[in-house]
Every structure is written in C-alpha cells, then in structure tokens.
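J.: predicted coordinates and the sequence they were generated for:
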Amino acid sequence: MFQDGWWYLDPDGDVRGAIVLDNLVHSGDIPVTVGVFVDPGVFESVGDPSLRKNRNAEYDAFDSRYGSFLVDEIVREVRSHVNVSDNPDRWAIIGGSSGGDCAFTAAWHHTDRFRRVVCFLSSFAQIPGGNPYPELIPNTPRKPLRIVMQAGHRDLRWNQPERNWLAENLRVGAALAEAGYDFHLVLGDGGHNANHAGVLLPDALRWLWREPIT
C-alpha cells in the first residue's frame, strides 16, 4: 500500500514502485504481491490550487482514521477485483515525507492489518501537537512490526533546533532500538528528495519479506 500513489507509480519517476514489485516477484525475492497506490484527497471545488490538497490533514494526523479508510474502503474495493490475503504479516505500507509518518501511524494503529512498514524521510516533525513516538514507543508493549526507515543528513531544517526532520527521524529510530523492534535505519547524505528512496526500495522490500515477523 503506497501513499502518494502516482508519485510512486510514475514509470518516469525516481522510485517506479510497480516496476520494482514486478521485478522482485519475478525473481522470487518477494511473494506474489498486489500493489495499491493511493493518492491523497483533493477538493476540486476549491479555487486556489495551493489549498486543494488534503494531504497534510490526512497524512500527518496522529490517529487511526486514515488507516481505517485504507482498510475499510480502499481494500474493500481492491478485494472486488483480486484476492487479498487476510494474513497481516503479508501486508506492507509505504510512504515518504508526510506519507512516511502516515505509513508508520497507520501501522501503529492497525497492526491487525499492516505489519511491514517503509518510511522515507518521514515528516514526524510536523505531526500536529508534536512527534509522540520517541516517548510512546518505549512505553508501549512492543507491537508486531518490522520497519525500514530512511533519513537524510540534509533533510528539512537539518541544522535547526526546532522541527528538525533529521533529528525527529533519529529519535524515532532510537526509540525503536530501545524497545527491541526489528527495524533497519538507513542514513543518507541527501536532502528532501526521492533519489535515495528510489535506490533503496528494492532492498527495503527484500529485507521486509525475509523470515516471518515475531
């Protein structure tokens, strides 16, 4: 389940998620997989193009609503076309920037569905009310999640004392380590762009789909 769907689906883009899935399935590196690419909502009736997107409201919220939308509405539509496993160990959710913390939050609230997570350059720094995960993760019973995180040395506000995207990703990674999670943090030297994500995605999916989650 990819957030910012077309951005990951675009065959001329940096990530080309559908091509990656096809190649990994063909090589036997991951099981046969249904790729679902979901775009954020748009208010078509709003005149100002800069105000039409509902992306930040959907993706950066720390609650279960967006995950419930995926499970109750999107997956229901997908099931009308293809067979989908009910085993949550077979479900993965992926996103970058606001889509990255969205993927993490959807899995956090819906471990009965999503247990494999990929988060590229996640925008934990702009969750309304602040990033809850550094304190929440080590003080919550460990959830059955396997997580790949990517952070960039030059991500947004990387050298600023507040709303520092690099620092917030590192804090989440440290909390996962302290809590004993099965996670992999990849640190690159780039800024807030998809170059590293495009290189990393095949290996991230191979790593996610190794032995069963415990």
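T.: In hand now; what should we look at?
J.: can you read off the backbone torsions of Leu201?
T.: Dihedral angles phi and psi of Leu201 (degrees, to the nearest 10) take the values phi -50, psi -50.
J.: over to Phe183?
T.: Dihedral pair for Phe183: phi -140, psi 160, per degrees, to the nearest 10.
J.: so how far is Gly173 from it?
T.: Phe183 sits 7 Å away from Gly173, going by C-beta to C-beta, to the nearest Å. Bear in mind the C-beta positions are built from the backbone N, C-alpha and C, glycine included.
J.: same check on Gly99?
T.: Using C-beta to C-beta, one obtains 18 Å as the distance from Gly99 to Gly173.
J.: repeat for Gly35
T.: 26 Å.
J.: and the two? which has more neighbours close in?
T.: Between Gly35 and Gly173, counted using other C-beta atoms under 10 Å, the more crowded position is Gly173 (23 against 17).
J.: ok, the residue with the largest distance to the centre of the chain to Glu135 distance?
T.: Using C-alpha atoms, centre = their mean, the residue of the chain lying farthest from its centre is Gly47. It sits 30.2 Å away. Computed as C-beta to C-beta, the Gly47 to Glu135 distance reads 41 Å.
J.: I'd like the distance between Met1 and His192.
T.: On the measure of C-beta to C-beta, Met1 and His192 end up 22 Å apart.
J.: of those two, give the one with the bigger neighbour count.
T.: Applying other C-beta under 10 Å to Met1 and His192 shows that Met1 carries more neighbours, namely 24 against 17.
J.: now do the contacts for the more buried one.
T.: Remark: with contacts taken as C-beta atoms under 8 Å, 6 or more residues apart in numbering, Met1 is in contact with Val36, Val38, Leu70, Ile74, Trp91, Ala92, Ile93, Ile94, Ala103, Phe114.
J.: in strands, which of those fall?
T.: Per DSSP state E, strands hold the following members of the contacts of Met1: Val38, Ala92, Ile93, Ile94.
J.: number of nearby residues for the first one?
T.: Other residues near Val38 number 21, with proximity taken as other C-beta under 10 Å.
J.: now it: closest residue in space, sequence neighbours ignored.
T.: Gly5 (4.7 Å; C-beta to C-beta, 6 or more residues apart in numbering).
J.: need the contact list for the one you found.
T.: Going by C-beta under 8 Å, 6+ apart, the list of residues near Gly5 reads Val36, Phe37, Val38, Asp39.
J.: show me what the second one is bridged to.
T.: It refers to Phe37. Residues in a beta bridge with Phe37, per DSSP bridges, are Phe2.
J.: low-confidence ranges in the chain?
T.: 214 (pLDDT under 70).
J.: what are the ranges of the helices in it?
T.: Secondary structure of the chain (DSSP state H): helices located at 5-9, 17-27, 55-59, 65-69, 75-79, 98-109, 133-136, 165-178, 195-208.
J.: return the most buried member of those helices.
T.: helix 98-109 (a mean of 26; mean count of other C-beta atoms under 10 Å).
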